[in-house]
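Asks: Show me how the following folds:
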Amino acid sequence: MEKYVPLIKEKAAFKINKSQWENIVTLNNPDYMEDSLSNFQDLQESVADLGIHLTYEFSDIHDRSIMADNGWKISLGRGLDIFDRIEGKFNAADLDQEKRKCKACDITYLRI
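Replies: Numbers count the residues shown, from 1 in each chain. Alright, predicted model coming up:
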């Protein structure tokens, strides 16, 4: 769940329209479904104040990609888990994505 929060925070900071729609499709282990549903509902409610209408669904396909509404598909080799762990209790990288170090990964942009 934590991997979605930085992405949504970044998108909220750069949104152009007053409101935007985001749909997350994710894989989930049935043993954790109850917790996942609760966490996604909490996330959904918290980003509503930012003008983000978040929907989510669970799928057996774990494609690791983002479909943009402008005709681009962004394939993430590592998924959203691209950031190194933040060191220390207080770190500026926790507030500013530009200060976070990334893990090595491939990101492919496809025009569809």
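
Asks: Tell me the buried residues in stretch 30-37?
Replies: Within stretch 30-37, the residues that qualify as buried are S36, counting by 16 or more other Cβ atoms under 10 Å. Using the backbone N, CA and C atoms, a C-beta is placed for each residue, glycine as well.

Asks: What count of nearby residues applies to L54?
Replies: A count of nearby residues for L54, using other Cβ atoms under 10 Å, gives 20.

Asks: tell me the phi and psi of it?
Replies: Backbone geometry at L54, expressed as degrees, to the nearest 10, gives phi -100, psi 130.

Asks: Tell me the bridge partners for it.
Replies: Applying DSSP bridges to L54 gives these bridge partners: E22.

Asks: mind showing which ranges of this structure have poor pLDDT?
Replies: Low-confidence segments of the chain (pLDDT under 70): 1-19, 62.

Asks: Quick one: the strands in it, in order.
Replies: If you assign secondary structure with DSSP state E, the strands in the chain sit at 20-26, 52-58, 65-67, 72-76, 107-111.

Asks: name the helices or strands packed onto the second one?
Replies: It stands for strand 52-58. helix 4-13, strand 20-26, helix 33-48 (3 or more Cβ pairs under 8 Å, 6 or more residues apart in numbering; DSSP states H and E).

Asks: Mind listing what's buried along the second one?
Replies: Judged by neighbour count (16+ other Cβ under 10 Å), strand 20-26 contains these buried residues: Q20, E22, I24, T26.

Asks: Against N39, how distant is the second one?
Replies: Counting by Cβ to Cβ, to the nearest Å, the gap from E22 to N39 is 15 Å.

Asks: ditto for the third one
Replies: As judged by Cβ to Cβ, I24 and N39 stand 11 Å apart.

Asks: quick one, domains of this structure?
Replies: Following the assignment in automatic domain parsing, the chain carries domains at 1-62, 64-112.

Asks: if we can go back for a sec, looking at the strands of the chain, which is closest to L43?
Replies: Within those, the stretch nearest L43 is strand 52-58; the backing value is 6.5 Å (Cβ to Cβ).
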